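Q: sequence-free structure coming up:
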């Protein structure tokens, strides 16, 4: 559970943290203080007495009422007037302190609070500096909504050394709750105190039905990410500063919380991310690795290439825990960029938060979406033409960070890289005009003759194949990324990277059909309003012919059922230990979580559902994908009908490369190790032999990428002996 700094322990002590997570001596849990008990309370109208939270304070003049105290949410035992704060006091009797191993304060509050036990600060969230009593009118920095009223878990604050805080006989719990503003529509203050008992005695009350006892967590076979915010709440903007430590002893070694931070030990800025997922108990986070002065610090995390922008994805409604990573993996194998992922377990402020996937945030970078950047000074000529990364996403009535299409259903394009805070007026005008002209061309009667003047057809085909395999409910409508390269690098609209597949593979029960049959691109004007040009492009005969050829090629290897099932099985085996803890922390197996279409009683049943649905989907696509490879029109110049010779393989001291193609003059070959890090990059010319010195290569497996006109046209593997 969660540790917060207290007066006696001003900073997190991780040696104590380790012992708090073990319940080896705890027989069971009972609750001694409930939110709806009778409490003493004082509505804040002026400064509270300086000793109001001490155990010997005389509160006879305070009012008495049923907790919680507040208004507006329907979760209040006593309604109080609109106020900036309320102070609460509750006394309770401990029978035998020697039987208590630890205790949990469950806090359901709106908007910030600080709690004291017998005069010692034990917990604080979203309210002032640790150790400093807040003023009655001190505003929390952000809103915080109560959770229990919506069926979610409250915040947990766990301490083990009960003897340091509790005593036999009478004890006093004192809590101050502050509202973000006097004009706020709600205030909540529901608090519970639960005790870990080390024998079979029953001196107190049964726990609330939502209470989840702490469970043992000392080590993992996955890397551990440990975040310390020093009591400050992580919110959805603005980012807050925190410390991140990573324990990663390698694939064959266990990771113990007593081990030093050897994967990263430094500052980050972090915030909650996501849209509908923010309603879940398990949150998603985005963070930046930083230097002490707040500047970006490009680092390698868990072996991924150096960068500073990262995502901590916490699968929740996706109980297979792998829909995203599965998709990203096969898309990368198709030769397209998709975020790299690593499995881990997450602890924030001492609270075990379960299984997470550390992944790259999509951005323009040589190790991510590798296209040229557009800089603030790029306002004319070739420089202003790229690169741009943007997406079709949820509409924004305020037009803060994007623009609407001029054609029904008026999809919303959002700036991504450069984002709205960085892109200048000339660049905004350029990319909006480009998309406007593209959509005008697609709205014309001859669009089937001009489409390839505007789009990179091969990237469109790969994006459609990936989207159709998962049949994600928001396909082509939300988180639909596109990018444009410089005119000198082709200048066409490209599609991807793929993103956010949690609701794919039939993990939804609303809107469109989740059966393995049917095309997602055909949802337009039925149950999912997509850009009008998606279906048009997908049904152009020559696009379908080329898609058929690409599909048959991929089904031989990358998208073979055996390949995909092996990935699923291997991932399930890798996270088997972690998934058990995850579903102890979030006991949702066998329960409906929006918008599940299938609810399995076990983790393996969730994995089996994913595998079976995927197999049915691929079979249906085999039977129904249109096109005829024999009818493909003249191939595009950079991506087909080339012959590559690269030998020997395995290699030792040198490699010979010959790329034969009559349609282009120059390209480049990029060699990367298994972690995705670039080892060597060289320019190549068509129809000329190239000798590559391999002194920089250590023994092992490598991948090479062939790039022509900033398009990756081939990926394959090599072995250095």
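A: Yep, it's here. Everything quoted here is computed from the prediction, not taken from an experiment.

Q: and residue 74, how close does it get to residue 210?
A: 17 Å (Cβ to Cβ, to the nearest Å). To be clear about C-beta, it is placed using only N, CA and C from the backbone, and glycine gets the same treatment.

Q: and these two? which has more neighbours close in?
A: residue 210 (14 against 9; other Cβ atoms under 10 Å).

Q: test my guess that that one contacts residue 147.
A: No. Judged on Cβ atoms under 8 Å, residue 210 makes no contact with residue 147 at a distance of 9.5 Å.

Q: and the closest residue to residue 117 other than its chain neighbours, what is it in contact with?
A: Excluding its sequence neighbours, the residue lying closest to residue 117 (Cβ to Cβ, 6 or more residues apart in numbering) is residue 165, at 4.8 Å. Residues in contact with residue 165 (Cβ atoms under 8 Å, 6 or more residues apart in numbering) are 103, 117-118, 120, 122, 159.

Q: phi, psi of residue 165?
A: Torsion angles at residue 165 (phi, psi; degrees, to the nearest 10) stand at phi -130, psi -30.

Q: show me what contacts the closest residue to residue 126 other than its chain neighbours?
A: Leaving aside its chain neighbours, residue 126 sits nearest to residue 112 (3.6 Å; criterion: Cβ to Cβ, 6+ apart). With contact set as Cβ under 8 Å, 6+ apart, residue 112 has these partners: 125-128, 134, 140-141, 144, 177-178, 180, 233.

Q: keep only those of these that are in strands.
A: Per DSSP state E, strands hold the following members of these: 125, 177-178.

Q: please parse the chain into its domains.
A: Domain assignment of the chain by automatic domain parsing yields the ranges 14-197, 219-360, 643-720.

Q: for residue 625, which of those domains is the nearest?
A: domain 219-360 (15.5 Å; Cβ to Cβ).

Q: what residue is smack in the middle of this protein?
A: residue 313 (2.6 Å; Cα atoms, centre = their mean).

Q: I'd guessed that residue sits against residue 324; true?
A: Yes. Counting by Cβ under 8 Å, residue 324 is a contact partner of residue 313 at 6.2 Å.

Q: any common contacting residues for the two?
A: By Cβ under 8 Å, 6+ apart, the residues touching both residue 313 and residue 324 are 341, 357, 359.

Q: residues contacting residue 707?
A: Taking Cβ under 8 Å, 6+ apart as the test, what residue 707 contacts is 667-670, 713.

Q: picking that back up, would you turn the contacts of residue 165 into a markdown table with pLDDT?
A: Formatted as a markdown table, these follow (pLDDT from 0 to 100):
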| residue | pLDDT |
| --- | --- |
| 103 | 92 |
| 117 | 96 |
| 118 | 96 |
| 120 | 94 |
| 122 | 92 |
| 159 | 80 |
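
Q: and those residues, which are buried?
A: When the contacts of residue 165 are checked for burial by 16 or more other Cβ atoms under 10 Å, the buried set is 103, 117-118, 120, 122, 159.

Q: dihedrals phi and psi, residue 276?
A: As for residue 276, its main-chain torsions (degrees, to the nearest 10) stand at phi -60, psi -30.

Q: ok, and the closest non-adjacent residue to the residue nearest to the centre of the chain?
A: In space, residue 313 is closest to residue 357, 4.4 Å off (Cβ to Cβ, 6+ apart).

Q: Three-state assignment for that neighbour, please.
A: Secondary structure, DSSP: H, G, I helix; E, B strand; the rest coil: residue 357 is strand.

Q: cool, the one 5 residues further on as well?
A: Residue 362 falls in the coil class when you classify it by three-state DSSP.

Q: what residues are up against it?
A: Counting by Cβ under 8 Å, 6+ apart, residue 362 makes contact with 339, 368-369, 389, 416-417, 481, 497, 499.

Q: low-confidence stretches in the stretch 251-400 of the chain?
A: The stretch 251-400 of the chain contains residues with pLDDT under 70 at 396-400.

Q: what's the next secondary structure element after the helix ranked longest in the chain?
A: Longest helix of the chain, by residue count under DSSP state H: helix 603-624. The C-terminal neighbour of helix 603-624 among helices and strands, as given by DSSP states H and E, is strand 643-647.

Q: what angle separates the next helix or strand after that next one from strand 643-647?
A: Where DSSP H and E defines the elements, the next helix or strand beyond strand 643-647 is strand 654-660. Inter-element angle recorded for strand 654-660 and strand 643-647: 170 degrees (by axes from the mean of the first three to the mean of the last three Cα atoms, to 10 degrees).
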